[in-house]
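Colleague: Just the structure for this:
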Amino acid sequence: MQFYYGQQMPLRILDEAEFWKQQEEEHTVVIRELVKDLEKEYVEQLKKWEEVLAETHQKIVRFIESVIRSGSYISPPLHQEVLKLISYCLKQSLEFIKLCNLLKAHSQPITTNPTAKVVLDHIIRESEYFVGIAQTLLYQQN
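Modeller: Okay, here's the model as predicted:
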């Protein structure tokens with residue numbers, strides 16, 4: 001993501017967050033579909049994550065609508081709320097990465113499936129990409 005959007009930066013970072021939360025939500029399904037014999041506890045965790053990520057995605061969409069409706073002026077309180085949401089999304093992605101690493105290390109069907117390991121590595125890298133974007137934005141604001 002380029003950081004020359006100026007006044008449009010809150011909308012741009014929300015667009016990124018919306019895209020990556022949707023990706024993470026879809027990744028929970030990819031893992032479950034790819035690893036048909038995944039342990040029940042991990043299947044349940046992934047289903048819960050799918051719901052949580054869908055809720056976050058919808059919250060981001062609502063914020064996008066608020067920012068768009070605010071026109072060319074984004075009030076300081078709205079800007080602060082956007083930053084709080086991005087901070088939450090960042091923490092959420094870090095927790096999702098932990099889950100993916102846990103699956104790679106402890107799920108027998110994944111540890112014996114080279115394709116699943118490659119896919120999980122890819123999923124982790126994608127979430128790490130968003131983490132990098134969010135951290136950069138949040139650190140620039142402080």
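Colleague: roughly how far is stretch 87-103 from the heart of the chain?
Modeller: What separates the centre of stretch 87-103 from the centre of its chain is 8 Å, taken as CA atoms, centre = their mean, to the nearest Å.
Colleague: Over to stretch 128-135?
Modeller: 9 Å.
Colleague: Render the CA-only coordinates of that stretch in CSV, please.
Modeller: Taking only C-alpha atoms (Å, rounded to 0.1, in the frame of the first residue of the first chain), the coordinates of stretch 128-135 have been written out as CSV:
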residue,chain,number,x,y,z
GLU,A,128,1.6,-10.8,8.1
TYR,A,129,1.4,-8.5,5.1
PHE,A,130,-1.7,-6.8,6.6
VAL,A,131,0.0,-6.7,10.0
GLY,A,132,2.9,-4.7,8.3
ILE,A,133,0.5,-2.3,6.7
ALA,A,134,-1.4,-1.7,9.9
GLN,A,135,1.7,-1.3,12.1
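Colleague: roughly how far apart are His122 and Ile86?
Modeller: 23 Å (CB to CB, to the nearest Å). Bear in mind the C-beta positions are built from the backbone N, C-alpha and C, glycine included.
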